[in-house]
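**Student:** fold the following and give me the result.
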Amino acid sequence: MPGMVVFGRRWGIASDDLVFPGSFELFIRILWWIGTMVLFTYHKGHFECNGRGVLHSYLVGLLVVLALIILSLCAIVYISAQGTITNPGQRRSMPALVYLRAILYVPELVWACLGAVWVSDDGRGCDPATVGAVISAVVASWIILLFTAVGVVFVFDPLGNPRPQPPAMEPLGVRDMQSSEGTQFLSTARSLAVKVWESRLRLLCCCLPQDESYRAAFSSIAQLFSSFFSDTDLVPSDIAAGLALLHQEQDKMERSRDPDVVVPHSPSSPVGEDLEAELEKATHWMQFAAAAYGWPLYIYSNLFTGPCKLSGDCCRSRVAEDEIVGGDHLGCHFSSILQTTGLQYRDFIHVSFHNQIYEIPFFVALDHKREAILVAVRGTLSLKDVLTDLSAECENLPIEGVSGACYAHKGISQAAGYVYKRLVNDGILNQAFSIAPEYKLVITGHSLGAGAASVLAILLRNSFPTLQCYAFSPPGGLLSKALADYSKDFVVSVVLGKDLVPRLSIPNMEDLKRKLLKIVSNCNKPKYRILLQGCWYELFGGDPDDCPTEMDNRREQELSQPLLGEESLIVRHSSSYQSLGSDESPAHTPAHLPLFLPGRILHITEDGPTRRKAKVLDIFLVDH
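**Tutor:** As a prediction, the model looks like this:
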């Protein structure tokens, strides 16, 4: 449902979003009215204290104001519960009710001030219970007014200036702005949207430095966010309802799927080694990818024994400054790496916990058991890493010997470039191979570290032809098709079940947006029921067939007049607009080039949804 337009602007709340807040306030107001009525009845006819006339007027006025507020809230809750997300016809009177409720804040404010004056000046000598009740009423009024002000701030949309309305001859929902006036408006709106998102990012990241690199990152991420949300007219509750419906719909599809259909491993596929041996290697290298996170992950994984094991090493430093650099609590970090990997102190060549945007921690060590020089790159653990993740636009990554378009995720590519410069320019790899020249090079990482490890492996491949890379849960939008195919010979991406990170990419997010719009527009239930059933389903489970998500034939005719449908949730502007039914997806426009997972994919799934322990049975290596 498009945001509600009141007071001359669009707000980040729809006309069907007032069921829950209205019901909660209605409950409080009814209790408040009953308490005030009891107090008034108890003292009726014998207000024998200072300011009794003021007290009598205050209680009578409060009862009247509360009664009017209760009636307005009943109307708001009832009207807000009518219709569906895309069928607001039955809620057309909601703006008038909002205006009425806003007007009632004026007498409530006046009566709150009146009660405060009576308590401070004339309350002495009165029954303590009466004084306490009046104080409670005054405090409750001010608390509700305060929460109302906070709520207004939360639902305020900085981009809420009304959009130009389509001409009367245009079909419903089609807002084609090809005119110069419309083009100018859209250009201004886009610039304002970027500035708003940039301000939000700076506020969220106020603890970070505000130098040029961070400002550039904020601007880049703001452009990504503003472009993603620019062609929709949804409020947050619409997105929550759509996600709940999509979850139930996907569970239906999964349960209807034939459980006996399993993608077998083909012996002729270019696995390179036996599948079990590949899995055993991945298990071994995973501990190094986890160790790169330092003491936070170690403590999380060993809640009871971890603090005791690290307590001695956290208070002293056994590491020379030229061997371990950057960050705080270096002793704790290094001790946790030793505990996780089982390596000795002398096995480490270089450890860096230096962390800035596009600069991530890593360590280089010798694994004598596997005769490997290991480079482990840390994943996302700080706000700076999040900014690196969100810098998701494409960046050229030319590689010698690779034909076709070569580009990669910008933030991860720059992070891999930082590690590459440290390893090569600072002579870290030369130092390692001078100690163990016969060892092979292995690169690993998890999440952000997996993406950086994959790009790093591509950068080092020509210099180290035998290197191998094990990427655990790498981001889905990482490499172009040419680079992804090139990496199949030396990169293995390990994906566990329904892990979200390997499925994250801008095209996938665009696809999610289209599916969300479609399922929301086709749902025949009011939003409050969708959210209630969705919360129940998430908390307690159930049969997704009991939660219908598509419009049934019996009510389709009833709900079609008026029906906004999918197009009402999309702002169509100029030629950049892509309809839901269009074959040309906006996800594949030049701004959103398709990116893929690196290398071959080792997908590990559970053997049945009801098993507590995952059995490694459905494991297969696949190409893209």
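
**Student:** tell me who's in contact with G306.
**Tutor:** Taking CB atoms under 8 Å, 6 or more residues apart in numbering, we find G306 in contact with 295, 298-299, 336. Where C-beta positions appear, they are placed from N, C-alpha and C, glycine not excepted.

**Student:** where does T84 land on pLDDT?
**Tutor:** Here, the pLDDT recorded for T84 equals 88.

**Student:** neighbours of it, how many?
**Tutor:** 26 (other CB atoms under 10 Å).

**Student:** next: P437.
**Tutor:** The local packing of P437 (other CB under 10 Å) involves 8 other residues.

**Student:** which element is it on?
**Tutor:** P437 belongs to no helix or strand when assigned by DSSP states H and E.

**Student:** how near is it to E371?
**Tutor:** P437 is 11 Å from E371, where distance means CB to CB, to the nearest Å.

**Student:** ok, the strand or helix carrying V351: who's next to it in the sheet?
**Tutor:** According to DSSP H and E, V351 maps onto strand 348-352. Sheet pairing for strand 348-352, assigned by DSSP bridges, gives strand 324-325 (parallel), strand 362-367 (antiparallel).

**Student:** which strands and helices lie in contact with the helix or strand encompassing I28?
**Tutor:** Using DSSP H and E, I28 sits in helix 19-43. Here helix 19-43 touches helix 52-80, helix 128-155, helix 527-540, going by 3 or more CB pairs under 8 Å, 6 or more residues apart in numbering; DSSP states H and E.

**Student:** lowest average confidence across these, which one?
**Tutor:** helix 128-155 (a mean of 82).

**Student:** got the buried residues for that one?
**Tutor:** 130-131, 133-134, 137-138, 140-142, 144, 148, 155 (16 or more other CB atoms under 10 Å).

**Student:** for stretch 241-255, same thing?
**Tutor:** For stretch 241-255, by 16+ other CB under 10 Å, it's 241-249, 251-252.

**Student:** and that stretch, average pLDDT?
**Tutor:** pLDDT averaged over stretch 241-255 gives 86.

**Student:** and the contacts of that stretch?
**Tutor:** By CB under 8 Å, 6+ apart, stretch 241-255 touches 85, 512, 515-517, 519-520, 523, 527, 530-531, 533-535, 537-538, 544-545, 547, 549.

**Student:** next: stretch 417-432.
**Tutor:** Residues contacting stretch 417-432 (CB under 8 Å, 6+ apart): 349-350, 352, 358-360, 362, 364, 366, 373, 375, 377, 439, 441, 452, 455-456, 459-460.

**Student:** how is the chain divided into domains?
**Tutor:** Structurally, the chain divides into domains by automatic domain parsing as follows: 5-155, 184-229, 236-256+507-566, 275-502+598-622.

**Student:** between those domains, which one is closest to H592.
**Tutor:** Taking CB to CB, domain 236-256+507-566 is the member of those nearest to H592, at 6.0 Å.

**Student:** figure out how far that closest one is from the centre of its chain.
**Tutor:** 19 Å (CA atoms, centre = their mean, to the nearest Å).

**Student:** any regions of the stretch 301-450 of the chain where pLDDT drops low?
**Tutor:** Where the stretch 301-450 of the chain drops to pLDDT under 70, the residues are 311-330.

**Student:** which stretches in it count as strands?
**Tutor:** With strands called from DSSP state E, counting those that start in this stretch, the stretch 301-450 of the chain shows them at 324-325, 348-352, 362-367, 372-377, 394-396, 407-409, 440-446.

**Student:** in a markdown table: those strands, plus distance to S191 and mean neighbour count.
**Tutor:** Output for these, formatted as a markdown table (distance: least, CB to CB, whole Å; neighbours: other CB atoms under 10 Å):
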| stretch | distance to S191 | mean neighbour count |
| --- | --- | --- |
| strand 324-325 | 41 | 18 |
| strand 348-352 | 39 | 21 |
| strand 362-367 | 39 | 23 |
| strand 372-377 | 37 | 26 |
| strand 394-396 | 22 | 15 |
| strand 407-409 | 26 | 25 |
| strand 440-446 | 37 | 27 |
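
**Student:** out of the ones you listed, which comes closest to A216?
**Tutor:** So among these, strand 394-396 is nearest, using CB to CB, at 12.8 Å.

**Student:** what's next to that closest one, contact-wise?
**Tutor:** Applying CB under 8 Å, 6+ apart, the external contacts of strand 394-396 come out as 406-410, 413-414, 480, 593, 595.

**Student:** next, format those as CSV and append distance to Y214.
**Tutor:** Shown next, in CSV, are these (distance: CB to CB, whole Å):
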residue, distance to Y214
C406, 28
Y407, 24
A408, 21
H409, 18
K410, 15
S413, 18
Q414, 13
S480, 27
L593, 25
L595, 24
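
**Student:** between the residues you listed, identify the one with the most neighbours.
**Tutor:** In terms of neighbour count, H409 stands highest of these at 30 neighbours, by other CB under 10 Å.

**Student:** give me the distance between the nearest residue to it once chain neighbours are set aside and L593.
**Tutor:** In space, and not counting its chain neighbours, H409 is closest to L478: 5.2 Å by CB to CB, 6 or more residues apart in numbering. The spacing between L478 and L593, counted by CB to CB, is 12 Å.

**Student:** same check, this time on G417
**Tutor:** Between G417 and L593 the computed distance is 19 Å (CB to CB).

**Student:** and for F540?
**Tutor:** 42 Å.

**Student:** before we move on, what about V6?
**Tutor:** Distance from V6 to L593, by CB to CB: 41 Å.

**Student:** same question for I221.
**Tutor:** From I221 to L593 the distance is 17 Å (CB to CB).

**Student:** picking up where we left off before, what residues of the helix holding I28 count as buried?
**Tutor:** Residues of helix 19-43 classed as buried: 19, 21-23, 25-26, 29, 32-33, 36, 39-40, 43 (neighbour count, 16+ other CB under 10 Å).

**Student:** next, the angle from that helix to helix 527-540.
**Tutor:** Angle of helix 19-43 versus helix 527-540, following axes from the mean of the first three to the mean of the last three CA atoms, to 10 degrees, is 100 degrees.

**Student:** quick one: helix 19-43 to helix 52-80, angle?
**Tutor:** Using the same axes, to 10 degrees, helix 19-43 lies at 150 degrees relative to helix 52-80.

**Student:** quick check: mean pLDDT of helix 19-43?
**Tutor:** Averaging pLDDT along helix 19-43 yields 88.

**Student:** so how far does stretch 343-357 reach from one end to the other?
**Tutor:** End-to-end distance for stretch 343-357, by CA to CA, to the nearest Å: 29 Å.

**Student:** gap between the residue lying closest to G379 once chain neighbours are set aside and A289?
**Tutor:** Closest residue in space to G379, ignoring its immediate chain neighbours: S447 at 3.4 Å, by CB to CB, 6+ apart. Distance of S447 to A289, computed by CB to CB: 9 Å.

**Student:** what do those two both touch?
**Tutor:** 379, 472.

**Student:** the more surrounded of the two?
**Tutor:** The residue with more neighbours, out of S447 and A289, is A289; 28 against 24, by other CB under 10 Å.

**Student:** residue contacts, the residue nearest to the more buried one when sequence neighbours are not counted?
**Tutor:** Closest residue to A289 apart from its sequence neighbours, by CB to CB, 6+ apart: H446 at 4.3 Å. H446 is in contact with 286, 289-290, 292-293, 379, 472-473, counting by CB under 8 Å, 6+ apart.

**Student:** can you tell me which of those is nearest W197?
**Tutor:** Among the contacts of H446, and counting by CB to CB, the member closest to W197 is G379, at 25.1 Å.

**Student:** any idea how many residues pack against K421?
**Tutor:** For K421, the count of nearby residues is 12 (other CB under 10 Å).

**Student:** and it, how far is that from V375?
**Tutor:** From K421 to V375 the distance is 13 Å (CB to CB).

**Student:** please apply the same query to A282.
**Tutor:** For A282, the distance to V375 - CB to CB - is 16 Å.
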